[in-house]
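# sequence-free structure coming up:
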C-alpha cells in the first residue's frame, strides 16, 4: 500500500514568518521582500523539480509573478497577527511516474482551491530519497469581480438568536436587504436595552433612528474546519485514480477504517540521517518494533481464524453424527414392520434361527442406539471444553497485547521525560535506547512463546479431531457391517421359512394322493 500524508497549516506574521520567504524557499527561487527589504535566495536549494502558480478565473494575470503576488499579499495583510497563506503538504506515491504526480496535484488544486477563488502557488520536491512531495501555498483572501482583494469578514444584520439569546446570523434564514426594505424588514433583530426595549439614537439632521443587531461573519467558508476532512479525502481520491488496487490509499486512520493495526510514528530527517550513518535512532527503532508487533498481531489473527475454523469443523461433525443417530432411530422404527407383508404386524414372539426372539433383537438395537447417544453426548462435552479452553487462550493473548501497548506508551513517555531533564542528550539517548530495546525484546519474546503455544494447541486439536474422526468412521463401518449381517440373516430366515412351507405343501399333496 502507498503512503498517505496530507498536512494543513497556516503561514502568518505572528510566527515571525513572511509569505515572500516561504514562497522563495518552496519554489527554490530568489525573491525580494518589499516589507523587510531583504532578498531571500534559495536558488541553490536542491530537490525542487518544478513550480507553478495556478490562478482562478477572476485573478489578474500579473499575479503569475511569484514575487509580485506575495508582496501584494503582505501589503493587504497589515495586522501583526495576520494570516498570509494556507499551506497544504502532500506526499506523492512513488508508484506514480513524474507525469502522473504532476497531473494529480494539478487536478487536486483545480478541483478544491482555484475553483473556489483561491490562488495556488505549488512546488514539487524530490531529493531522490523516496519521499517525493508537494507544497501548495494558498491565498486566504478572496478577489471580487474587479480583481481587487475583498475583506476577510463582513458585517451583516442578525436574523436570529441562539439559545442564550445572543444575536446570530443563520444563513438558512432570509436576511435583511436595505434595497428591499418592505419585504425583508421583518428579518432584522432589534438591539435591546437593559429594560428589554429597542435602543435608539439621535442623528443630527436625520432624527431618531432605531438600532438593529449586527454580527461579523467570514466572507467565505475557507476557514471552516470541516474543509480539512474534505481536502484530505479528496487527495486520497485523486491519488487512487492513478494507483492500482493493491496500492490504494485512505485518508482515514486505521481505527476509523476498522483495522486493528498500530500506526507508526513520524521519524523525521534527523533520525533517518542517523540510521544512514550506521547509528540507531530511537524513532526508527520504535517503528521497527511497531512493525514487528503488527506482524505478530497478524499471525495471532490468523491463528485465531484457524481455531475458529477447527471449532466450526468439530461442530459440523457433531451435527452429522446427530443426523446419523436420527437415521438409526428411523431404522429401528421401520424394523417393527414385516417388509414381506405390508400392513401386517410381525410376530413379536417369532423365533429366529439363532434362537433369539424379535423382542430381544429389538431390545439389543435400542441398547446400541443408547450407547451411540451417550458417545455423542460425551464427544459434545469434549468439544465444549475445547472451545472454552480456546476462548481462554485467546483472551489471554488479547490481554498480553494490551499490556504490551500500555508498557510501550509508558516507556515512550519516560523516554521523553528523561530527554528533557538530561543535560547530555547523546549519552542519555543511548542508555534509554538500550533499556527500551531490552524491554521491547522481552515483550516480543513473550509473544513469540505465545505463538508457539497456540500452534502446539492447534496441532493437538487437529490430532484429537483426526483420532475422533477415525473412531467415528470405524463405528460407522461396524454399524454398516451389522446392518448387512442383519439383512443377510433376515433373508436367510425368510428363505428357510419358504422352504419349510414348500415342504409342508409337498407333503400335503403327497398325503392326498396316497389317500385316494
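On my side now, so go ahead. Just so it is clear, the structure is predicted and the values come from calculations on it, not from any experiment.
# in the stretch 351-500 of the chain, where is pLDDT below threshold?
Across the stretch 351-500 of the chain, the ranges flagged by pLDDT under 70 are 351-391, 393-394, 397-398, 401, 404-405, 408-409, 411-412, 414-465, 468-469, 472.
# swap the cut-off to 50 and go again
351-353, 423-429, 432, 436 (pLDDT under 50).
# tell me how far residue 193 lies from residue 187.
For residue 193, the distance to residue 187 equals 22 Å [C-beta to C-beta, to the nearest Å]. For the C-beta atoms, the positions are set from N, CA and C on the backbone; glycine is no exception.
# looking at those two, which is more packed in?
residue 187 (15 against 10; other C-beta atoms under 10 Å).
# pLDDT value on that one, please?
Looking at residue 187, its pLDDT stands at 84.
# how about residue 313?
77.
# what sits against the closest residue to residue 27 other than its chain neighbours?
Spatial nearest neighbour of residue 27, chain neighbours left out: residue 51 (4.1 Å); criterion: C-beta to C-beta, 6 or more residues apart in numbering. Applying C-beta atoms under 8 Å, 6 or more residues apart in numbering to residue 51 gives the contacts 26-29, 66, 121-124.
# can you tell me the element residue 184 falls in?
If you go by DSSP states H and E, residue 184 is part of helix 181-184.
# where exactly do the helices run in the stretch 201-350 of the chain?
226-240, 268-276, 282-334 (DSSP state H, counting those that start in this stretch).
# tell me the most buried of the ones you listed?
Ranked by mean neighbour count, the helices of the stretch 201-350 of the chain are led by helix 226-240 with a mean of 16 (mean count of other C-beta atoms under 10 Å).
# which helices and strands sit right next to it?
Using 3 or more C-beta pairs under 8 Å, 6 or more residues apart in numbering; DSSP states H and E, the elements in contact with helix 226-240 are strand 6-12, helix 98-112.
# now the angle from the helix or strand immediately after the longest one in the chain to helix 98-112?
In this case it means helix 98-112. For helix 98-112, the following helix or strand on the C-terminal side (DSSP H and E) is strand 120-125. Following axes from the mean of the first three to the mean of the last three C-alpha atoms, to 10 degrees, one obtains 160 degrees for the angle between strand 120-125 and helix 98-112.
# doesn't the residue nearest to residue 27 fall inside a strand?
Yes - assessed by DSSP: H, G, I helix; E, B strand; the rest coil, residue 51 belongs to a strand.
# can you give me the distance of it to residue 302?
Relative to residue 302, and taking C-beta to C-beta, residue 51 is found at 48 Å.
# check residue 80 too.
59 Å.
# now swap in residue 5 and tell me
Residue 5 is 30 Å from residue 302, by C-beta to C-beta.
# which one of the helices and strands packed on helix 226-240 lies nearest to residue 209?
The closest of the helices and strands packed on helix 226-240 to residue 209 is strand 6-12. By C-beta to C-beta, the value is 39.1 Å.
# and the angle for the closest one with helix 98-112?
Going by the same axes, to 10 degrees, strand 6-12 makes 60 degrees with helix 98-112.
# buried set for strand 6-12?
Judged by neighbour count using 16 or more other C-beta atoms under 10 Å, the buried positions of strand 6-12 are 6, 8, 11-12.
# for residue 466, state which of those is nearest.
Among the buried residues of strand 6-12, and counting by C-beta to C-beta, the member closest to residue 466 is residue 6, at 53.0 Å.
# isn't the closest one right next to residue 234, touching?
No - counting by C-beta atoms under 8 Å, residue 6 stays clear of residue 234, with 9.1 Å between them.
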